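> Build the 3D model from these lines:
(3 chains)
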Amino acid sequence: MELWSLLPVPVQSLIATVLIILPLLGVVAWYTYAERKVIGYMQVRIGPNRVGWRGLLQPIADALKLMMKEIIIPTQANKQLFLIAPMISIIPALAAWAVIPFDAGLVLADINAGLLYVLAMTSLGVYGVIIAGWASNSKYAFLGSLRAAAQIVAYEIAMGFALVGVLVAAGSLNFSAIVMAQQGGVWHWFWLPLLPLFGVYYISGVAETNRAPFDVAEGESEIVAGFHVEYSGMAFAIFFLAEYANMVLIAMLTTLMFFGGWLSPFQGIPVLESLFAGVPGIIWLLIKTFFFMFTFLWLRATFPRYRYDQIMRLGWKVFIPITIVWILVVALAVVFEVSPWWSATA
Amino acid sequence: MGFEKLLFYIFAAVTLFAASMVITRRNPVLSALYLVMAFVSSAALWLLLEAEFLGIVLILVYVGAVMVLFLFVVMMLNIDVATLRARFIHYLPLGLIVAGIMVFDMFLVLGPADFGLDQFAKPQSQPADYNNTAALGQILYTTYLYQFEIAAVILLVAIVAAIRLTLRHRPETKYQDPSNQVRVRKGSDRVRLITMPAEPVPPSLTATLGATHTEMTE
Amino acid sequence: MLDNYLHILIFILVASLISIAPPILGSLLGPRRAYAEKDSPYECGFAAFENARMQFDVRYYLVAILFIVFDLEIAFLFPWAIVVKELGMAGFMAMFVFLGILVVGFIYEWKKGALEWE
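Numbering: from 1, shown residues only, chains lettered A, B, ... in the order given. Here you go, the predicted model:
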């Protein structure tokens, strides 16, 4: 600790940054493995099982393979934009992690406008998709990127409104403050008073990341792979990384905003609370996050793809009215200090 | 303090560079992307002024929304740059006059007479827990309530205008209405099960039916 | 306050480095054997008929414009959300009127069929 405070601030944040990004990339890599394994078992298959024990080294083999592959640049493509597009899609996906707290006080940049920053960063993700689709100069890529862009913007609004509900409930844009506002056990976490917003946020998160059942942007049976059809090798891998990093981010944000972040689920329960008192907060945070990451895979294995007009209807005509009404309901509850969540003493 | 100044000059240089690229690129898509770069570096400049909320909202609204529309338009309209350039010299004098007037206007507003450190005291740097957003909220919904509601009316006008200008119904397209589809109920709407008694087949018909059946299989 | 943003700046720089490294690695390690068919745009076995960058339905622009309007609305909601407790009923009514005006626009969109995807 003494040594740590002696280091200059930029070096400190450099080390902390690496300590966030490296485990994140690891989680992303083995998330792809988990996806294949989980969906495999759900479909009564085995999934990858050749590389390493039970296929655990599969992500490394995949990475090596992709590295050795040619990066094809189509003749008619706009070369600069074609190469920049994957970077534009991954930088915001990683940058959003700078303000995520992992435990009480364990956060790199504890800014007041944390939630706003994350929303701004996730709103940049659409650029990678649009530029990739346009720069490829291929009909399938172009169509995929158009679909993706219209879908992402529709769900971003529902997502933004749902976040406003969380802000009203917590009274702060700072993530640590949002988690601390949920103190007092499972029934005080925001999933209960904000149940409709939780549903809207989570489903919008699935749609924002272009995951099944909202994956018309990639729809491999109709437009092959959508916006990244022309990408190969490492350029493709970056899009893949960005998509999975965004999924992990959505799972983490859902945990922080609706499921009490690092708070123990046994708070306020007599015996269990003391029994699990020694468990560090980051463990709870990771357990909850992994659960939501699992549900992403579960959804993919369970539901068939939505039709595009149904997606647009759900975003505009169902989610936006629900969120507007619930924001006003929550605001009234906060103004009138409805207990037990917003009682005056708390 | 020195480091902050260095960052300011870096971001200011990036903003100017990006802005000049916006007006010199031949490809309109590249111009739009440089405009995005200019917005991002201006947001960084605002953050240096500790205008946290405004800086991030600049990214959220301008980069995340307005520039997406710009990109849609320039990408999909397929603007022919050659025809746009053809009359460039012809319009140059007019453009120069307009630019000159704007520079003069800006000089009047931002000139040394009304601007600079001797006119305004240098603002104190805020403590770490200063909440820009809350401070803005405290005055926006009380002191500036009227202007705030006017903003809502302007947005309403924007919605109506956008729909009046761009909405085209194409009666010849065939489509399903998902709202009607989800209203379908399991019982009566989807499938109708009818019980009807089996009709006895006369023996003469059975014989002919059996005959045709064998013929067909042969 | 700016210290926190320094952390973010460094984080973004590291993230950009990480995003640049893999394509460079890939282009160094991978082969580059180009030929006309491989580098042509993806198509189901025939040469593409026309330029892929075609004009498309104006509906996409409409979605983008409506998105901007609602995004601005969200930007207005953010500062309100964190002070509504202090402002109390007056703050609630201010936003109620604001949202009411915009809900009129939303109903207009709905009734005009701007939200249908035909």
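
> Burial check on the residue in chain A positioned nearest to chain B, number of neighbours?
Chain A approaches chain B most closely through residue A:123 (3.1 Å), counting by Cβ to the nearest Cβ. The C-beta positions use only the backbone N, C-alpha and C, and glycine is treated the same way. Per other Cβ atoms under 10 Å in any protein chain shown, the neighbour tally for residue A:123 reads 24.

> Tell me who's in contact with it.
A:156, B:59-60, B:63-65, C:71 (Cβ atoms under 8 Å, 6 or more residues apart in numbering or on different chains).

> the helices in the chain, which residues?
This is for chain A. Under the criterion DSSP state H, helices of chain A are mapped to A:2-6, A:9-42, A:58-68, A:79-95, A:114-123, A:125-136, A:139-170, A:175-180, A:195-208, A:233-258, A:270-275, A:281-302, A:308-313, A:320-335.

> my question was about chain B
B:2-24, B:28-48, B:52-57, B:67-77, B:81-86, B:88-110, B:132-140, B:145-166, B:178-182, B:203-217.

> got the contact list for residue A:24?
A:94, A:97, A:245, A:248.

> try 10 Å
A:93-94, A:97, A:100, A:241, A:244-245, A:248-249, A:252 (Cβ atoms under 10 Å, 6 or more residues apart in numbering or on different chains).

> Out of those, the closest to residue A:67 would be?
Nearest to residue A:67 among these is residue A:241, at 13.0 Å by Cβ to Cβ.

> Show me chain B divided up by domain.
B:2-130, B:131-167 (automatic domain parsing).

> of all those, which lies closest to residue A:181?
Closest to residue A:181 of these, according to Cβ to Cβ: domain B:131-167, at 14.8 Å.

> is chain C contacted by that closest one?
Yes: residues of domain B:131-167 are located near chain C by Cβ under 10 Å from any Cβ of the partner chain, namely B:131-142, B:145, B:148-167.

> returning to what we had before: most neighbours per residue, which of the domains of chain B?
Mean neighbours per residue, mean count of other Cβ atoms under 10 Å in any protein chain shown, is largest over the domains of chain B for domain B:131-167, with a mean of 16.

> starting at the chain centroid, how far to it?
Mean-position distance between domain B:131-167 and its chain equals 17 Å (Cα atoms, centre = their mean, to the nearest Å).

> just to revisit the earlier point, of the contacts of residue A:24, which ones also sit close to chain C?
Near chain C, by the rule Cβ under 10 Å from any Cβ, you find A:93-94, A:97, A:241, A:245 out of these.

> By proximity to chain A, which residue of chain C wins?
Here chain C gets closest to chain A at one residue, residue C:26, 2.9 Å apart by Cβ to the nearest Cβ.

> same thing with chain B?
Counting by Cβ to the nearest Cβ, chain B gets nearest chain A through residue B:64, at 3.1 Å.

> so where do the helices sit in chain C?
Using DSSP H, helices in chain C cover C:2-29, C:59-112.

> how about residue 112, what does it touch?
Let's take chain A. Applying Cβ under 10 Å, 6+ apart to residue A:112 gives the contacts A:172-174, A:177, B:52-53, B:128-134, C:1, C:4, C:82.

> Sorry, I should have been clearer: chain C.
Residue C:112 touches B:159-160, B:163-164, B:167, B:169, counting by Cβ under 10 Å, 6+ apart.

> Distance to residue C:113 and pLDDT for those residues - can I get that in TSV?
What follows is these, written out as TSV (distance: Cβ to Cβ, whole Å; pLDDT from 0 to 100):
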residue	distance to residue C:113	pLDDT
B:159	14	89
B:160	14	89
B:163	9	86
B:164	13	86
B:167	7	77
B:169	7	72
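
> JSON lines for those, including distance to residue A:289?
Listed next are these as JSON lines, based on distance: Cβ to Cβ, whole Å:
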{"residue": "B:159", "distance to residue A:289": "38"}
{"residue": "B:160", "distance to residue A:289": "43"}
{"residue": "B:163", "distance to residue A:289": "41"}
{"residue": "B:164", "distance to residue A:289": "46"}
{"residue": "B:167", "distance to residue A:289": "42"}
{"residue": "B:169", "distance to residue A:289": "46"}
